[in-house]
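Trainee: sequence first, predicted coordinates after that:
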Amino acid sequence: MSVNTVTSETSPKMELVVEDLRRKLANVRTGRATVGFLDPVVVDYYGTPTPLNQMASVAVPEPQLITVQPWDISQLAAVEKAITAANLGVNPSNDGKIIRLPIPPLNEERRKQLAKQVHEIAEDHRVAIRNVRHASNDALKKMLKDKEISEDDERFGLDEVQKLTNNFVAKIDELAKTKEQEIMSV
């Protein structure tokens with residue numbers, strides 16, 4: 001194994017952390033209706049936990065409304081129950097064919113709670129990036145100890161890993177800042 005191997009394996013791991021952050025931030029409410037808002041909803045479909053988007057058509061006909069139309073109408077009650085159980089802060093109503101989810105506008109207190117939630121999610125992902133850095137640094141130190149690389153190579157590798165860490169932490173900070181502005185400005 002070489003220094004380049006360690007640094008080239010570090011970047012994709014950190015990229016996965018940033019992708020996970022993007023997914024988690026997409027699920028944080030901004031006061032606008034989005035299809036991704038219902039991603040955490042899992043329906044008990046004939047005894048099998050099934051993601052809502054795999055068994056129903058989800059649409060956003062207007063900015064403050066989400067509609068859900070199960071492909072199997074007999075599952076309407078189960079879908080409604082799953083949405084309520086997901087505790088998303090919305091009250092579903094159904095007319096026998098379709099479920100409507102009005103998205104209430106956010107008040108100032110709720111905006112601050114959501115901004116705090118974004119900070120917590122971002123911090124968890126910063127820690128994950130640091131854990132990847134730590135694992136890469138340990139690999140480099142082990143290679144030095146086993147005399148596979150020189151001290152200069154180790155120092156170079158540690159510097160490269162730190163540059164990657166700084167770069168990915170900056171991406172996380174930027175995503176969190178953008179999401180927070182989105183929440184506070186709606």
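Mentor: Great, that's in hand.
Trainee: where along this structure do the helices fall?
Mentor: Along the chain, counting by DSSP state H, helices occupy 3-26, 76-85, 108-145, 151-185.
Trainee: okay if I get the ones you listed as TSV plus mean neighbour count, mean pLDDT and distance to residue 92?
Mentor: C-beta here means a position set from N, CA and C on the backbone, and glycine is covered the same way. Shown next, in TSV, are those (neighbours: other Cβ atoms under 10 Å; pLDDT from 0 to 100; distance: least, Cβ to Cβ, whole Å):
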stretch	mean neighbour count	mean pLDDT	distance to residue 92
helix 3-26	16	88	21
helix 76-85	18	86	5
helix 108-145	16	90	19
helix 151-185	16	91	23
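Trainee: and those as a markdown table, adding distance to residue 54?
Mentor: Listed next are those as a markdown table, based on distance: least, Cβ to Cβ, whole Å:
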| stretch | distance to residue 54 |
| --- | --- |
| helix 3-26 | 16 |
| helix 76-85 | 12 |
| helix 108-145 | 25 |
| helix 151-185 | 26 |
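Trainee: nearest to residue 69 among those helices would be which one?
Mentor: For residue 69, the closest of those is helix 76-85, at 8.9 Å, according to Cβ to Cβ.
Trainee: packing partners of that closest one?
Mentor: strand 42-45, strand 65-70, strand 99-102 (3 or more Cβ pairs under 8 Å, 6 or more residues apart in numbering; DSSP states H and E).
Trainee: quick one: closest of those to residue 81.
Mentor: strand 42-45 (8.1 Å).
Trainee: list the contacts of the residue nearest to the spatial centre of the chain.
Mentor: Nearest to the mean C-alpha position of the chain, by Cα atoms, centre = their mean, lies residue 24 at 1.8 Å. With contacts defined as Cβ atoms under 8 Å, 6 or more residues apart in numbering, residue 24 is in contact with 121, 125.
Trainee: what do you get for residue 44?
Mentor: Residue 44 neighbours (Cβ under 8 Å, 6+ apart): 50, 78, 82.
Trainee: where does the first one land on pLDDT?
Mentor: Note on residue 50: pLDDT of 87.
Trainee: hmm, residue 42 and it touching each other?
Mentor: Yes - using Cβ atoms under 8 Å, residue 50 is in contact with residue 42, at 6.7 Å.
Trainee: between those two, which one's more packed in?
Mentor: residue 50 (19 against 15; other Cβ atoms under 10 Å).
Trainee: nearest to residue 11, out of the helices and strands packed on helix 76-85?
Mentor: Closest to residue 11 of these is strand 42-45 (Cβ to Cβ; 32.6 Å).
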